[in-house]
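Asks: Sequence first, predicted model second:
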Amino acid sequence: MSELKSVRTIREYGRIFLSLREIMNDRGITRNRLAKLIDVRFEVVNRLYEGTLERLDLDVLAKICFVLDCTAGDIVHYCSPE
């Protein structure tokens, strides 16, 4: 069994990035339109679009996946440290 890592001892643990911008651009949908379709404020979609949010609401993610006909894995990606 492998040992678990602790973020207390590791400074660089990777990062999460979002590809919502690319998916929306491919589908030709605006931030304003997506916000209306999933019934959230424009600012919420804008932070997701820009990748500047600190916390991800899973309910919002589920709504986005439903409307854009994609999976969470299409939007959320983990990049391990180099």
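Replies: Alright, I've got the coordinates. Residues are numbered from 1 along each chain as shown.

Asks: Ala72 - how many residues pack around it?
Replies: Neighbour count for Ala72, taken as other CB atoms under 10 Å: 12. Using the backbone N, CA and C atoms, a C-beta is placed for each residue, glycine as well.

Asks: and it, what does it touch?
Replies: 61-62, 65 (CB atoms under 8 Å, 6 or more residues apart in numbering).

Asks: from those residues, which is closest to Asp39?
Replies: Ala62 (12.4 Å; CB to CB).

Asks: What strand or helix carries that closest one?
Replies: helix 58-68 (DSSP states H and E).

Asks: For that helix, list every residue counted as buried.
Replies: Residues 60-61, 63-65, 68 are the ones in helix 58-68 that count as buried (16 or more other CB atoms under 10 Å).

Asks: Switch those over to JSON lines; also include pLDDT and distance to Glu82.
Replies: Output for these, formatted as JSON lines (pLDDT from 0 to 100; distance: CB to CB, whole Å):
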{"residue": "Val60", "pLDDT": "98", "distance to Glu82": "30"}
{"residue": "Leu61", "pLDDT": "98", "distance to Glu82": "27"}
{"residue": "Lys63", "pLDDT": "98", "distance to Glu82": "33"}
{"residue": "Ile64", "pLDDT": "98", "distance to Glu82": "29"}
{"residue": "Cys65", "pLDDT": "98", "distance to Glu82": "29"}
{"residue": "Leu68", "pLDDT": "98", "distance to Glu82": "30"}
